[in-house]
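Enquirer: Sequence first, predicted model second:
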Amino acid sequence: MKIFLQRVMFSDEATFHASGTVNQHNTRTWGLETPRVVLEESKHSLKVNVRRGLLHDRIIGPYFFSEVTVRSDNYLDLLEIFAFPQIEDLQPNNVFQQYKASPHWS
């Protein structure tokens, strides 16, 4: 089990808007009553997307996507140019599986 946990990398992303707005679809608000608030905001404000990976003893990243939408082509660049070389140097026997992808496709 210890060796398995040493080979797992967790990754996540966060989007930061220059306007300070928060995407309400990705947050949870807990309370005794339903909040009745309407917020107006720009859908296309300046933003930066940040990705990181966490191994058992290190952090991979950060990797920044500034002012671009994360698409398959620039995400593949992130993996091939930035993430995979660092991971292979640290742990050459890692297994990569993309979140929500079956082992056959990842």
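Expert: Looks like it came in fine.
Enquirer: How about Lys45, nearest residue that isn't a chain neighbour?
Expert: One thing to correct before we go on: residue 45 is Ser, not Lys. Ser19 (4.4 Å; CB to CB, 6 or more residues apart in numbering). The way it works is simple: take the backbone N, C-alpha and C, and place the C-beta from them, glycine included.
Enquirer: pretty sure that neighbour is in a strand, no?
Expert: No: with DSSP: H, G, I helix; E, B strand; the rest coil as the criterion, Ser19 is coil rather than part of a strand.
Enquirer: what about it, neighbour count?
Expert: A count of neighbours around Ser19, defined by other CB atoms under 10 Å, yields 11.
Enquirer: Doesn't Tyr63 lie inside a strand?
Expert: Yes: inclusion of Tyr63 in a strand is indicated when three-state DSSP is applied.
Enquirer: gap between it and Ile3?
Expert: Taking CB to CB, to the nearest Å as the criterion, Tyr63 is separated from Ile3 by 27 Å.
Enquirer: Between those two, point out the one with more neighbours.
Expert: Looking at Tyr63 and Ile3 with other CB under 10 Å, you find the greater number of neighbours at Tyr63, namely 19 against 7.
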